[in-house]
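Visitor: Structure for this input, please:
(chains A and B)
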Amino acid sequence: MREVTFLEAIRLALWEEMERDPNVFLIGEDIGRMGGAFGVTEGFLARFGADRVVDAPISETAIIAVCVGAAAAGKRGVAEMQFMDFISYGFDQVVNVAGTYLYRSGGKTPIPIVVRGPSGGYVGGSLYHSQQFEAWFFHTPGVKVVQPAFPDDAYGLMKASIRDNNPVVFYEHKYLYRRIKGPIPEAHEDYIVKLGSARVRRYGEDITVVTYGAMVHFALDAAQRLEKEGISLEVIDLRTIKPLDMKTILESVRKTSKVLIVYEAPKTGGVGAEISARIAEQAFEWLDAPIMRVAAKDAFVPFAEPLEKYVLPSVDDIVFAARELAAY
Amino acid sequence: MRTRRKNGQQTVAYHQRLEKSDLIEIYRRLWFARLFDEMLYDAKKKGRLRRGNVYGSRGQEAIMVGTTYPLRPDDFVSPIHRDMPVFVFRGMTVEQVMCQVWGKAEAPTRGKDSWSHMGDMNLGIVHSTSMLGSTIAVACGVLWAQRLDGRRDRVLVAYTGEGATATGPFHEGVNFAAVHKLPLIVVVENNQYAYSTPVELEVPTKTVAERAKGYGIPGYSIDGNDFNAVYDTMCEALAHARAGNGPVLIECVTYRLQGHADHDETRARQYRPVEEIELWEKRDPLPRYREYLLNTGLFEESELPTPPLDIKLQIEQAIAYAINSPDPEPHTALEDIYDESAGVSL
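Guide: Predicted structure coming up:
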């Protein structure tokens, strides 16, 4: 085992996949000479050369499109969005071009690409460096959506995403990059985390918390606080948002009969809405309370600290909601 | 911008080097393109084709034939909605193309998408979408894959319209190709109208080719109804791109004689002056090429039938094949959304 930061886990996964498969290449803004805005690709240019570590112009459309076209011709491109907010520029490539490609090629041309980059708030990034727009792609057929919370999952999911034959949008929460450390397996173990498998990060009895990304850590903090009050939370880290691991969710719901869904994106139309609907459809009789959600307010992520704190969900929000559910 | 005049001496040479067998083949391809369009319009009109639009290409045949004829078998193309015959010129069967038009199970898309939104990477045909500009950017990726494989001499011909040159992805794609000197040849079929919008409301410069200046690449503006001009320019562009000098933009000036698609025939004669349409009817590339062939002295009138009836028969047989071939099973609508064949243990 290697003890690494969340960021280093992603860096190592990329590095090892580049070493393993010559078809893998990286493309993005400032990823070569500078090693990426957050340093995820530091040292890659010297090792792998400019054809496999491509410093692209500021062209998110072209960055993703190059991965798509190269994928149609047998390569595996990994596109870095300097901030995931900028994927809006490349939206058409993900949704209308990459997402549909296999379908409109009669199943003959898979598009193995990864579009990855830092997402999420809590760092004062303001409107365009803080967003969590995973719901856009959650809603898109043909695309998979991943967001890890721990280094081992980031490592294993990145490897799985690169080897997967479909377009994967991979969210790396920037709040976790250097704050979260943990063990990851050694390179020779070829460790993979299967896409579409959630993980119970904490077992509990009273309430199922379904969450992903940075919110997993918030939920775990809340669980620790509530333990002292005699409320036991079971925390499910989805890891992959699409495909959704309903089996793990439903198993837990049948045990606890109470559900709290936590996500960092604006509440309306978020991933939690779909999870809530599916639980209502598939496990209604097992429920002892309304399904509840803690999410961001339906606003942008503002700059000033009091504003950002007001909009984004907090550990307190989770604690209060869980108490309410426990008392129901 | 480079003009043909500058290199006039050189450009004349290419088409003059063609053998008689080539000339006949080119003549037949021009007719194939013409008949393809005519017969599908007819099928739609008569109710044999009941679903989907027919996007006319009448008058644009010289572009399709002239840009594909000098290609190598291992080059790539990404045809758009007025280039349907290009699929056949690059190796698809007429039956496959007709199955695509009729939305049949045997179509390259298995009935999932319509008309020109198909491809076959084994034939070097890159799939385009309705967002025409976006394919220019995708083309860069196909060429990047060749670079990684050490195949820098394989050229990709990306077709687009003058209207699509106004899109962001067109700019990002051409810019990327120019920065990295990718062998991309962008063929802009300037047929004067993007649906109803005239070129002057899409492009601020006098020619579309002038856009090339901004990317530091050669831009040609040529008569797209003159096969020899298209062929010669294409040969020159191919030499440039294969030599590693980067992309080329070729604006083929032509005219959309029909509506945007078959549904648009009435309005297309309202939003455009009828005299303009009549003027361009006189510039029809087919009689022009036939006249050129007769002037070479190599042909008797009887060798150049109008049309070659065997081609008509070939297309009719393909249409009949498509009509009689099975529809896709409803449940296949949920197939090919994800590919789980690779797994993760490669």
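Visitor: Quick one: neighbours of whichever residue of chain B sits closest to chain A, just the number.
Guide: With CB to the nearest CB, the shortest gap between chain B and chain A falls at B:Gly141, namely 2.2 Å. C-beta: built from backbone N, CA, C; applies to glycine. Neighbourhood size, B:Gly141 [other CB atoms under 10 Å in any protein chain shown]: 32.
Visitor: residues touching it, list them.
Guide: B:Gly141 makes contacts with A:Ala65, A:Val66, A:Cys67, A:Val68, A:Gly69, A:Ala70, A:Ala71, A:Ala72, A:Ala73, A:Lys75, A:Gly77, as judged by CB atoms under 8 Å, 6 or more residues apart in numbering or on different chains.
Visitor: Name the next helix or strand following the strand or helix carrying A:Thr61 along the chain.
Guide: For A:Thr61, the element it lies in under DSSP states H and E is helix A:60-72. Downstream of helix A:60-72, the next assigned helix or strand under DSSP H and E is strand A:76-80.
Visitor: could you give the angle of that following strand to helix A:60-72?
Guide: Put simply, strand A:76-80 runs at 170 degrees to helix A:60-72, going by axes from the mean of the first three to the mean of the last three CA atoms, to 10 degrees.
Visitor: Can you give the contact residues for strand A:76-80?
Guide: Counting by CB under 8 Å, 6+ apart, A:14, A:21, A:23-29, A:31, A:36, A:40-41, A:63-64, A:66-68, A:70-71, A:90, A:112-117, A:162-163, B:141, B:144 sit against strand A:76-80.
Visitor: go on, stretch A:50-60?
Guide: Against stretch A:50-60 from outside (CB under 8 Å, 6+ apart): A:18, A:22, A:24-33, A:41, A:44-45, A:62-63, A:66, A:81, A:86-87, A:89-90, B:137, B:144, B:147-148, B:172, B:175-176, B:179.
Visitor: Return the residues of the stretch 151-300 of chain B in contact with chain A.
Guide: Within the stretch 151-300 of chain B, the positions near chain A by CB under 8 Å from any CB of the partner chain are B:Gly168, B:Pro169, B:Glu172, B:Gly173, B:Asn175, B:Phe176, B:Val179.
Visitor: Pull the number of nearby residues for the first one.
Guide: The number of residues packed around B:Gly168, counting by other CB under 10 Å, is 16.
Visitor: if we can go back for a sec, among the residues of the stretch 151-300 of chain B next to chain A, which one sits closest to B:Gly133?
Guide: Closest approach between those and B:Gly133, by CB to CB: B:Pro169, at 4.0 Å.
Visitor: who's in contact with that closest one?
Guide: Contacts of B:Pro169 by CB under 8 Å, 6+ apart are A:Thr61, A:Ala62, A:Ala65, A:Asp92, A:Gln93, B:Met131, B:Gly133, B:Ser134, B:Ile136, B:Ala137.
Visitor: residues near residue 315, how many?
Guide: Defaulting to chain A. Neighbours of A:Val315 under the rule other CB under 10 Å: 18.
Visitor: if you could check chain B rather than the one you did, that'd help
Guide: Other residues close to B:Ile315 by other CB under 10 Å number 21.
Visitor: same deal with the one 10 residues further on?
Guide: Counted with other CB under 10 Å, residues neighbouring B:Ser325 total 15.
Visitor: ok, it - contacts?
Guide: Applying CB under 8 Å, 6+ apart, the residues near B:Ser325 are B:Cys99, B:Trp102, B:Lys104, B:Ala105, B:Glu106.
Visitor: Same check on B:Asp120?
Guide: Residues near B:Asp120 by CB under 8 Å, 6+ apart: A:Lys108, B:Gly91, B:Met92, B:Pro108.
Visitor: Assumed A:Val210 was part of a helix.
Guide: No. Using DSSP: H, G, I helix; E, B strand; the rest coil, the assignment for A:Val210 is strand, not a helix.
Visitor: any idea how far chain B is from it?
Guide: 23 Å (CB to the nearest CB, to the nearest Å).
Visitor: what's the neighbour count on that residue?
Guide: Neighbour tally, A:Val210, other CB under 10 Å: 30.
Visitor: Which positions in the stretch 101-250 of chain A make contact with chain B?
Guide: Within the stretch 101-250 of chain A, the positions near chain B by CB under 8 Å from any CB are A:101-110, A:112, A:141-142, A:144, A:159-160, A:163-166, A:192, A:194-195.
Visitor: give me the residue from the stretch 51-200 of chain A nearest chain B.
Guide: Taking CB to the nearest CB, the stretch 51-200 of chain A has A:Gly69 as its residue nearest chain B, at 2.2 Å.
Visitor: so how far is A:Glu60 from that residue?
Guide: 15 Å (CB to CB, to the nearest Å).
Visitor: Narrow the residues of the stretch 101-250 of chain A next to chain B to those that are buried.
Guide: For those, a burial check counting by 16 or more other CB atoms under 10 Å in any protein chain shown picks out A:101-110, A:112, A:142, A:144, A:159-160, A:163-166, A:192, A:195.
Visitor: Could you report the neighbour count for B:Lys45?
Guide: 12.
Visitor: And the pLDDT at the nearest residue to it once chain neighbours are set aside?
Guide: With sequence-adjacent residues excluded and distances taken as CB to CB, 6 or more residues apart in numbering or on different chains, B:Lys45 is closest to B:Asp262, at 7.6 Å. If you check B:Asp262, the pLDDT there is 92.
Visitor: What segments of the stretch 51-200 of chain B are helices?
Guide: In the stretch 51-200 of chain B, the helices defined using DSSP state H, counting those that start in this stretch lie at B:61-68, B:84-89, B:94-101, B:132-148, B:168-179.
Visitor: okay if I get those as TSV plus mean pLDDT?
Guide: Shown next, in TSV, are the helices of the stretch 51-200 of chain B (pLDDT from 0 to 100):
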stretch	mean pLDDT
helix B:61-68	98
helix B:84-89	98
helix B:94-101	98
helix B:132-148	97
helix B:168-179	98
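Visitor: Fine by me, we can end here.
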